[in-house]
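1. This is a predicted model, with the sequence first.
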Amino acid sequence: MRKSADNSCVRLRAGYALCLASTLFVVFTGCKSSSSGGEGQSVELNGAGSTFVYPVMSRWTSAFSNAHSNVRINYQSIGSGGGVQQVKNGTVDFGASDAALNDDQLNGMKPTIQIPESAGPVCITYSLPGLDKPMQLSSDAIAGIFLGKITSWHDPLLVKDNPGVNLPNTKILVSHRTDGSGTTNAFTTYLAAVSPEWQQKVGVGNSVDWPVGIGGKGSEGVTAQVRQTPGAIGYVELTFAQQNKLPVAAVKNLSGKYVLPDTASTTAAIAAFTDQLSKDPRTPIVNAPASAPDAYPISTLTFLIIPKDGPDVAKRTALRNFVQYVITDGQAAAATLNYAPLPEGVKSYDRQQLQQMTAAGQPLP
């Protein structure tokens, strides 16, 4: 009897030890999985930059956080220049810019990748109460206005662009951005492409020495100035104009057609530069050739600016997953807010760039 009881105790202790070992294994492997992959951990991502992309960025960050309750994304709409500077300073996890970084800018930063994430039109918006259809503007008219050479809405060149329209003899007030702005870069890239005088006197940049006009901070500031001032004209992202019930001009392209800014006309602009974009997604898509009659001539790609490496595996993994969402399912959301979806060639480039992301020098899980 004694031997039988001893055997029972041994079996009981062995079973208990096996159970305890199994429990510890489950706990250990569960913790290991959580720490390496970032799933279930509370993660906060901070981004800053483009006001142009702010409407769709708000949609993206909200949708992604709703689907991933452990991830919170904060985005500050401070202008492309500010976003790039914050990436350079290491104070944000990602930036957004409507102007791609050139080689000199990239060389002045820690290793960085830039990912095209959407495209949209830079709109010419204005305040002319009483007009019942959109203004039509040629490249000569736009350059003349922003150079300060055309000062009245009844200028002969504007009358020529708008036959049969009773234009008022109202003074033109130009509104432009004061902050470092990728929208400004895209707009001045267009002006330099269509006007040798603009190229020589002003040039291209996130900030330029404007020949005329008053400044506003962000697309919000320019929109407010145009809305409040009869005779004003400025350049903003389409959603800002629509939300403020401001008209936008149809701009004459190289085919001679006046084209309104929208998703379809921006998509046509992208398509006109397919070959160039497949080689370098930083290629400007302004002033599409005459072979693209439906292209809106002041279109731009926008970019996410992301450090290649960072110390936190969970944050880096969440950031990669967010960007993957942006360039895939997020493109449908972008289209509802007047941003053109990325062509497959550009999305393929984006996926290759994402593979370069690391944490503490190691590939992401």
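-> Yep, that arrived. Residues are numbered from 1 along each chain as shown.

2. Could I get the full set of helices for the stretch 251-365 of the chain?
-> 263-272, 274-279, 313-327, 330-335, 344-354 (DSSP state H, counting those that start in this stretch).

3. Need those helices in JSON lines (columns: mean neighbour count, distance to A100 and mean pLDDT).
-> (Each C-beta comes from the backbone N, C-alpha and C, glycine too.) As requested, these are exported to JSON lines (neighbours: other Cβ atoms under 10 Å; distance: least, Cβ to Cβ, whole Å; pLDDT from 0 to 100):
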{"stretch": "helix 263-272", "mean neighbour count": "22", "distance to A100": "14", "mean pLDDT": "95"}
{"stretch": "helix 274-279", "mean neighbour count": "14", "distance to A100": "11", "mean pLDDT": "88"}
{"stretch": "helix 313-327", "mean neighbour count": "21", "distance to A100": "16", "mean pLDDT": "97"}
{"stretch": "helix 330-335", "mean neighbour count": "18", "distance to A100": "18", "mean pLDDT": "93"}
{"stretch": "helix 344-354", "mean neighbour count": "16", "distance to A100": "12", "mean pLDDT": "92"}
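
4. May I see the ones you listed organised as TSV, with distance to N102 added?
-> Below are those laid out as TSV (distance: least, Cβ to Cβ, whole Å):
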stretch	distance to N102
helix 263-272	21
helix 274-279	16
helix 313-327	22
helix 330-335	25
helix 344-354	17
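
5. mind checking which of those helices is nearest Q76?
-> Q76 lies closest to helix 313-327 among the helices of the stretch 251-365 of the chain, at 15.9 Å (Cβ to Cβ).

6. what helices or strands is that closest one leaning on?
-> Contacting helix 313-327 under the criterion 3 or more Cβ pairs under 8 Å, 6 or more residues apart in numbering; DSSP states H and E are the following elements: helix 2-37, strand 43-49, helix 54-67, strand 71-77, strand 112-126, strand 299-307, helix 344-354, strand 358-359.

7. Try it again at 6 Å.
-> strand 43-49, helix 54-67, helix 344-354 (3 or more Cβ pairs under 6 Å, 6 or more residues apart in numbering; DSSP states H and E).

8. Using JSON lines, lay out these together with distance to I233.
-> Compiled in JSON lines, the helices and strands packed on helix 313-327 are given as follows (distance: least, Cβ to Cβ, whole Å):
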{"stretch": "strand 43-49", "distance to I233": "25"}
{"stretch": "helix 54-67", "distance to I233": "21"}
{"stretch": "helix 344-354", "distance to I233": "32"}
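
9. just so I know, which of the helices of the stretch 251-365 of the chain lies nearest L254?
-> When the helices of the stretch 251-365 of the chain are compared (using Cβ to Cβ), the closest one is helix 263-272, at 9.8 Å.

10. packing partners for the closest one?
-> Partner elements for helix 263-272 (3+ Cβ pairs under 6 Å, 6+ apart): strand 112-126.

11. just the CA coordinates of the strand it packs on, formatted as CSV?
-> The C-alpha trace of strand 112-126 is given here as CSV (Å, rounded to 0.1, in the frame of the first residue of the first chain):
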residue,chain,number,x,y,z
THR,A,112,15.1,58.7,-45.3
ILE,A,113,12.6,57.2,-47.7
GLN,A,114,9.8,59.1,-49.5
ILE,A,115,6.7,57.4,-50.6
PRO,A,116,4.1,58.9,-53.0
GLU,A,117,0.8,58.5,-51.3
SER,A,118,-1.7,60.4,-53.4
ALA,A,119,-2.1,63.0,-56.1
GLY,A,120,-4.4,66.0,-56.3
PRO,A,121,-5.0,69.3,-58.1
VAL,A,122,-3.8,72.7,-56.9
CYS,A,123,-6.8,74.9,-57.6
ILE,A,124,-7.1,78.5,-58.5
THR,A,125,-9.9,79.8,-56.3
TYR,A,126,-11.4,83.3,-56.3
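
12. and the angle from it to helix 344-354?
-> Orientation of strand 112-126 against helix 344-354 (axes from the mean of the first three to the mean of the last three Cα atoms, to 10 degrees) gives an angle of 140 degrees.

13. any idea how far S265 is from the residue lying closest to S77 once chain neighbours are set aside?
-> Spatial nearest neighbour of S77, chain neighbours left out: Y54 (4.1 Å); criterion: Cβ to Cβ, 6 or more residues apart in numbering. Relative to S265, Y54 is positioned 21 Å away (Cβ to Cβ, to the nearest Å).

14. Kindly report the same for F303.
-> On the measure of Cβ to Cβ, F303 and S265 end up 21 Å apart.

15. Helix or strand with the lowest mean pLDDT in this protein?
-> Ranking every helix and strand in the chain by mean pLDDT, DSSP states H and E puts helix 2-37 at the bottom, with a mean of 39.

16. Neighbours of the nearest residue to G216 once chain neighbours are set aside, how many?
-> Leaving aside its chain neighbours, G216 sits nearest to V222 (4.2 Å; criterion: Cβ to Cβ, 6+ apart). Look at V222: counted by other Cβ atoms under 10 Å, it has 31 neighbours.
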